[in-house]
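Trainee: I would like the atomic coordinates for the input below:
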Amino acid sequence: MKKQWNVAIYARVSTDKKEQQESIPAQIDSLKLWLTSKKKHDKINIYKLIDIYEDQGSSGSSFQRDGFIRMREDIEEGLVNMVLTRDLSRFSRNYIMAGYYLEEYFELKRVRFVSVLDNVDTIEDYNDIIPFKNILNEMYIKDCSRRTKDGLKQRMLRGSCIASKAPYGYRLKTIYVDRLKHVELVVACDGTEKVVKEIFRLYLCGFGFQKIADYLNSKEINTPSNSKDKLWSNSTIRYILTNPKYSGVMAQHRWSKVNYKIDKVVEVPKEHWIIGEKYQGIIDKKTYDKVQTTIKSRKKTYRHKGIIHLFSSVLFCGECNSPMYYRQKYKGYKCKNSQSFSGLCTAHSIKEEVLLSGLKEKLKESVDNNVFFKLNKKNMSIEEINSVLLFENLSRQDIEQIVDKIIVHEEKNSNKKTVDIFLKFIIV
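Mentor: Just a heads-up that it's a prediction; the model follows:
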């Protein structure tokens, strides 16, 4: 009886550049030709093309790619039992994860893997040269990352702006110094610089981040993204007020990716910033420094005068570790970084009612009539425990007494949310 191979064609390019965009159709066409030839000459097997999976602008160092994830889901469903790709570098440039899929995952799922240009076909014996090719593929991307980082660092040390988009209120100007490209920040003179000045003025007049955002929204002033359906937010205002570039200081390398494998950005300590030459800022240095001092002093004395939301001080985003703040319109909490235009995090949110339900379940799991809490070195009475479980007159202070922190995770593709709740008490 002939064996039927349900084939998944997989193609990938690492950037969205025009010259690479043409690569995916070329990869797919060549793989279709290979499949047609195989159908013609292989008399003992049947080949059926199930689907084509492609990832454009996705790094080979990670498997968090939409096309690959969809293909893996179809493998899990039993729809695919053969993966066909042009070469190993299109499949992966992470030799550890590539080894896992080729030597473990595909073996476990009974999936045949074929890399045409590498002459790899796992229906035959596993080729010992494959791990070395995977290592070389990863060495290539690691070397590219190192050279790119070094090139950017040299540009920053020369005082050249490396941003692809100028900060709000500025525009980019390219000149050449000793035949080297040099990108400067110059005041835009299109009205946006006046908005920046107004933001700094309002803050020194006593306005908070959100109040300034509300004021700009009421005036229907376009946001830095220049999109009519976007609104100013407190995180956007804070980003502008704390960005040294507005005082004429070319401060760069304030954020950095963890490494070429992990697509996560972390904050860089101030002592490791790269400071270029000074230029004409929208705000004078004295005003900028006064705003920084005011921000620090308000942190120490700030008291919320409106509604105090229950989880504001204990809720954090599982992707970027930033706090999650309450949004009245949404009736829940959203990641602080996802609300800015900085691109430091993707959109994450959670309803307050979901958090209350999760906390209640967590407490009920931990309590019965024969155990007591040891909270802040004091035992809680049965009445106090029952009051908490019933959420009677529950306040933010109660939450802070009980909860150490809550971390919200969200899968990008399925939007599935998981909530990790860490309590302060010890069961004795």
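
Trainee: next one: stretch 225-240 to chain centre, how far?
Mentor: 18 Å (CA atoms, centre = their mean, to the nearest Å).

Trainee: Please enumerate the strands of the stretch 301-428 of the chain.
Mentor: 315-317, 324-327, 332-335, 349-351, 373-375, 378-379, 403-410, 417-423, 426-427 (DSSP state E, counting those that start in this stretch).

Trainee: which residues are in contact with the fourth one?
Mentor: Residues outside strand 349-351 that contact it (CB atoms under 8 Å, 6 or more residues apart in numbering): 315, 324, 327, 330-335, 408, 417, 419. (Each C-beta comes from the backbone N, C-alpha and C, glycine too.)

Trainee: quick one on the thing from earlier: closest one to residue 54 among the strands of the stretch 301-428 of the chain?
Mentor: With CB to CB as the measure, strand 403-410 is the member of these nearest residue 54 (24.8 Å).

Trainee: which strands and helices sit next to the closest one?
Mentor: Judged by 3 or more CB pairs under 8 Å, 6 or more residues apart in numbering; DSSP states H and E, strand 403-410 is in contact with strand 315-317, helix 352-366, strand 417-423.

Trainee: Tell me the strands beside that strand, with direction?
Mentor: Strand 403-410 has the following strand partners under DSSP bridges: strand 315-317 (parallel), strand 417-423 (antiparallel).

Trainee: returning to what we had before: tell me which of the strands of the stretch 301-428 of the chain lies nearest to residue 363.
Mentor: Of the strands of the stretch 301-428 of the chain, nearest to residue 363 by CB to CB is strand 417-423, at 7.7 Å.

Trainee: Now the closest one: buried residues?
Mentor: Across strand 417-423, burial judged by 16 or more other CB atoms under 10 Å covers 417, 419, 421, 423.

Trainee: separation between the closest residue to residue 122 other than its chain neighbours and residue 278?
Mentor: In this structure, residue 122 finds its nearest non-sequential neighbour in residue 113, 4.6 Å apart by CB to CB, 6 or more residues apart in numbering. Distance of residue 113 to residue 278, given as CB to CB, to the nearest Å: 56 Å.

Trainee: Over to residue 325?
Mentor: For residue 325, the distance to residue 278 - CB to CB - is 35 Å.

Trainee: more crowded one of those two?
Mentor: residue 325 (18 against 12; other CB atoms under 10 Å).

Trainee: Just the pLDDT for the more buried one.
Mentor: pLDDT, residue 325: 85.

Trainee: now do residue 386
Mentor: 60.

Trainee: just the one 4 residues further on next, same as before
Mentor: At residue 390, the pLDDT value in this model is 60.
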